[in-house]
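K.L.:
sequence isn't available, so here's the structure alone:
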């Protein structure tokens, strides 16, 4: 049994230590907001926060999360920055198919948490690991700037 | 997928009339009585429910794959209903003939048909309900219905009396259903034509939207399959000892199309799959190579093909200048963000599946055969699709999940890894086209001929046939319908089958053919010594909608005006799925040959608009899809094996490469055109024509090879 802190709650999970966090969340805990896209950290759909940092949960073994805090899309509305990002996503009508957007929001929230006023270059650097096949990148960029302005106001 | 389905509108009239049963209004409002109805709700047809609390539910049988259909369809109903938009919600329908796509004659989503097919039926559904609500109010007040109007979910009498739709719901249900409800004059639309926010957005920003992959059933096993590394191959021997030793692995099942490991969860199933030791017989395709495919297709363009279009006499036309060029495009994968998957539960006399599918109707028929049950016993639950792009029209994932559930006796979720997904075939066909053109002394084209060599999607689809003239319209669309005024014109199709399963891919044949034809037209303009925009414009005198889109794009892009040093423009125009789109690309090419797309300006004439925000986003989305293909997209074969597997070997556009995109809408009163696909075809040729303007190098093969553009 592995003890995990997910979205502020402590849980016990029966999983092999090398199981990626993604599959512990989705299959063992039934938290399906975090998505599977590529399995090798190339697309960002599985992004979650580990102690506040954006990580790819598809390649991070659950053993690496022991004693740390995992935060997922399901907890974003309880997070000040996450809530502002979600509101901006709605205002800019960002999602199309929506499948990558959990990961996009987790990457964007980690960016804003560490950089209150990111430049376009900062956004490129933080967000280029998150693929969107619907091509919503310009809306994502606009929503991040908007959320940053909103949080500062 | 429009051409082959054209006659089936009649089929829709017929089938839905048959399916009608009790409460039926012509072909528009079938089958309400067969579906469950809460006693207090007003349910005038299969598409609409009005609850006593004024909540309005629109039931949609189409698949939401990002194109906004779960917002557009409710808007059509709400407009004619005069609903309060803030009270409108949408619900996904099951599989039922009531939800057949009028253009296809079956329940399916694709071919950019959703708004085109439902523009009238959905508005009639709303209008009929509105008339019944007015009749109910008039009866309550003992008033003349002509003295009543409707606004935002209320019937209002001229005296000022008001009743909400919710209060009228029960009484309205008893009113006769109008045979020919009156539709509004579009001038009085107040929902259609507005950029209303999508109804599915809130669920897509908090992780609650349920995609196929998110389905969980009690006792469910997850399956990951090993498939033959070469198309058409077979497993000769399977050693599953190591796979079965992995904790959580429950069963190993061999199917003709591969070997599946069923486990408690994905991770165990994948580890089990990877531990299988399988000897494969590669079969007839073991020697398949991309070089061989290119040669096969190119050789075919030197032979006579089947004639798709023939005007004048291309052989007899005398020209001062002759051009010839050969263009090539590769196989492409869809690479939807959500890998293919399906959850199936086969019981003794029924099947239920949960999937992001574009083809509920065909799936019902196919799975009834797979599981040997009546079609009516196959229930299809449509989940959100994590991208579709045509890929989710295919039945492979649903068939395999159903077989695995049948054989294991358990609910089974079959999941493709990213590599499984990319190597599972169903590719956009590779294609080679040879063009010839003659110009007169003044640079005016006198003849144009094209010979397209590619595999046939119609033949591969399993539900269509190549027409008697031997020309698969998907193979030639975008070349065959060349819009330019040229007196002698001939288009031929030379079918070639390298042995790879091909399929519909966003914008289908237009995706490569518009790149071919709009590049070659650019070559013609250059040979004629004319500006590529003016050259096209001069030849589009009889094509006002092409011309209108072209002129608007050129104007908005500032065609002819100076650009920053090193940045060059290219232009292209296309019609597909009933919509006309012109695009201007601004591109620079570095000394290292790297192509940077700075800005894309598009103009679209898609007829009347339902939701302009969604229209603009779909055009932008299709441009990004087209740019990914132009810059990077290719599926290649070596010794029969697919060489790509994940986003490292099959790159797609990322945030840092994203150009500015502007989309302008041509004001139009024409019937609506499609919008999910038409933005794609012009993107690649606009970029490659800009590369020609920048470097003098004509790109005749995709994806763009930056090593060929390197400064010497």
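P.N.:
Cool, got the structure. All values reported here derive from a predicted model rather than from experimental measurement.
K.L.:
quick check, pLDDT for the residue of chain A found nearest chain B.
P.N.:
Closest approach between chain A and chain B, counting by Cβ to the nearest Cβ: residue A:33, at 2.1 Å. Quick note: C-beta positions are derived from backbone N, CA and C, even for glycine. Confidence at residue A:33, expressed as pLDDT, is 98.
K.L.:
per-domain residue ranges of chain B.
P.N.:
Annotated domains of chain B cover B:3-204, B:212-283+B:340-415, B:291-331+B:427-709 [automatic domain parsing].
K.L.:
just put these in CSV and tack on mean pLDDT, distance to chain A and mean neighbour count.
P.N.:
Putting those into CSV (pLDDT from 0 to 100; distance: least, Cβ to the nearest Cβ, whole Å; neighbours: other Cβ atoms under 10 Å in any protein chain shown) gives the following:
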stretch, mean pLDDT, distance to chain A, mean neighbour count
domain B:3-204, 83, 3, 20
domain B:212-283+B:340-415, 97, 3, 21
domain B:291-331+B:427-709, 97, 3, 21
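K.L.:
grab the nearest non-local neighbour of the residue nearest the centre of chain A.
P.N.:
Closest to where the C-alpha atoms of chain A average out (Cα atoms, centre = their mean) is residue A:106, at 2.3 Å. Once flanking residues are discounted, residue A:106 sits nearest to residue A:47: 4.1 Å by Cβ to Cβ, 6 or more residues apart in numbering or on different chains.
K.L.:
so residue B:327 lies in a strand, does it not?
P.N.:
Yes - according to DSSP: H, G, I helix; E, B strand; the rest coil, residue B:327 belongs to a strand.
K.L.:
I figured it hits residue B:514, correct?
P.N.:
No - with contact defined as Cβ atoms under 8 Å, residue B:327 does not count as touching residue B:514 (11.1 Å).
K.L.:
where's stretch B:247-266 relative to the chain centroid, distance-wise?
P.N.:
Centroid separation for stretch B:247-266 versus its chain: 32 Å, with Cα atoms, centre = their mean, to the nearest Å.
K.L.:
likewise for stretch B:531-545?
P.N.:
28 Å.
K.L.:
ends of that stretch, how far apart?
P.N.:
20 Å (Cα to Cα, to the nearest Å).
K.L.:
what's in contact with it?
P.N.:
Stretch B:531-545 has contacts (Cβ atoms under 8 Å, 6 or more residues apart in numbering or on different chains) with B:445, B:483-486, B:521-522, B:524-526, B:528, B:530, B:546-547, B:550-551, B:554, B:559-560, B:570-571, B:573, B:575, B:580, B:605, B:666, B:668, B:670, B:689.
K.L.:
show me what contacts residue B:621?
P.N.:
Residues near residue B:621 by Cβ under 8 Å, 6+ apart: A:96, A:134, A:135, A:136, B:66, B:679.
K.L.:
the closest residue to residue B:230 other than its chain neighbours: what's it in contact with?
P.N.:
Distance criterion Cβ to Cβ, 6+ apart; nearest residue to residue B:230, sequence neighbours excluded, is residue B:640 at 3.5 Å. Contacts for residue B:640 (Cβ under 8 Å, 6+ apart) come out as B:229, B:230, B:231, B:233, B:282, B:285, B:286, B:287, B:288, B:289.
K.L.:
what do you get if the cut-off is 7 Å, keeping everything else the same?
P.N.:
By Cβ atoms under 7 Å, 6 or more residues apart in numbering or on different chains, the contact list for residue B:640 reads B:230, B:282, B:285, B:286, B:287, B:288.
K.L.:
put together JSON lines for those, with secondary structure on each row.
P.N.:
Shown next, in JSON lines, are the contacts of residue B:640 (three-state DSSP):
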{"residue": "B:230", "secondary structure": "coil"}
{"residue": "B:282", "secondary structure": "coil"}
{"residue": "B:285", "secondary structure": "helix"}
{"residue": "B:286", "secondary structure": "coil"}
{"residue": "B:287", "secondary structure": "coil"}
{"residue": "B:288", "secondary structure": "coil"}
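K.L.:
which element is residue B:269 on?
P.N.:
Element membership of residue B:269 [criterion: DSSP states H and E] is helix B:266-275.
K.L.:
any idea how far residue B:101 is from residue B:411?
P.N.:
29 Å (Cβ to Cβ, to the nearest Å).
K.L.:
ok, now residue B:556?
P.N.:
Distance from residue B:556 to residue B:411, by Cβ to Cβ: 53 Å.
K.L.:
hang on, the earlier thing: can you flag which of the contacts of stretch B:531-545 belong to strands?
P.N.:
In this view, the contacts of stretch B:531-545 that belong to strands under DSSP state E are B:445, B:570, B:571, B:573, B:575, B:580, B:605.
K.L.:
element containing the residue nearest to the centre of chain A, please.
P.N.:
helix A:101-114.
K.L.:
enumerate the positions of that helix that are buried.
P.N.:
For helix A:101-114, a neighbour-count test (16 or more other Cβ atoms under 10 Å in any protein chain shown) marks A:101-113 as buried.
K.L.:
which SSE is immediately downstream of it?
P.N.:
Using DSSP H and E, the helix or strand that follows helix A:101-114 in sequence is helix A:120-127.
K.L.:
same for the helix ranked longest in chain A, what does it pack against?
P.N.:
For chain A, the longest helix by residue count, based on DSSP state H, is helix A:137-152. For helix A:137-152, the elements it packs on are helix A:80-91, helix A:101-114, helix A:120-127, judged by 3 or more Cβ pairs under 7 Å, 6 or more residues apart in numbering or on different chains; DSSP states H and E.
K.L.:
quick one: mean pLDDT over the longest one.
P.N.:
Which is helix A:101-114. The model assigns helix A:101-114 a mean pLDDT of 98.
K.L.:
residues making contact with that helix?
P.N.:
So helix A:101-114 is contacted by A:33-35, A:44-49, A:52-54, A:73, A:76, A:79, A:81-82, A:85-86, A:89, A:94-95, A:118, A:122, A:126-127, A:130, A:132, A:140, A:144, A:147-148, A:151, B:204-205, B:207 (Cβ under 7 Å, 6+ apart).
K.L.:
just to revisit the earlier point, mind putting the buried residues of helix A:101-114 into TSV with distance to residue B:314?
P.N.:
Compiled in TSV, these are given as follows (distance: Cβ to Cβ, whole Å):
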residue	distance to residue B:314
A:101	51
A:102	55
A:103	53
A:104	51
A:105	56
A:106	58
A:107	55
A:108	56
A:109	61
A:110	61
A:111	58
A:112	61
A:113	65
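K.L.:
among those residues, which pair sits farthest apart?
P.N.:
The two members of the buried residues of helix A:101-114 with the most space between them (Cβ to Cβ) are A:101 and A:113, at 18.0 Å.
K.L.:
list the contacts of residue B:233.
P.N.:
Going by Cβ under 7 Å, 6+ apart, the list of residues near residue B:233 reads B:280, B:281, B:282, B:283.
K.L.:
over to it: give its phi and psi.
P.N.:
With angles defined as degrees, to the nearest 10, residue B:233 sits at phi -80, psi 170.
K.L.:
relative to residue B:258, how far out is it?
P.N.:
Taking Cβ to Cβ, one finds residue B:233 at 9 Å from residue B:258.
K.L.:
next: residue B:480.
P.N.:
In this view, residue B:480 and residue B:258 are 38 Å apart by Cβ to Cβ.
K.L.:
go on, residue B:234?
P.N.:
9 Å.
K.L.:
same check on residue B:327?
P.N.:
36 Å.
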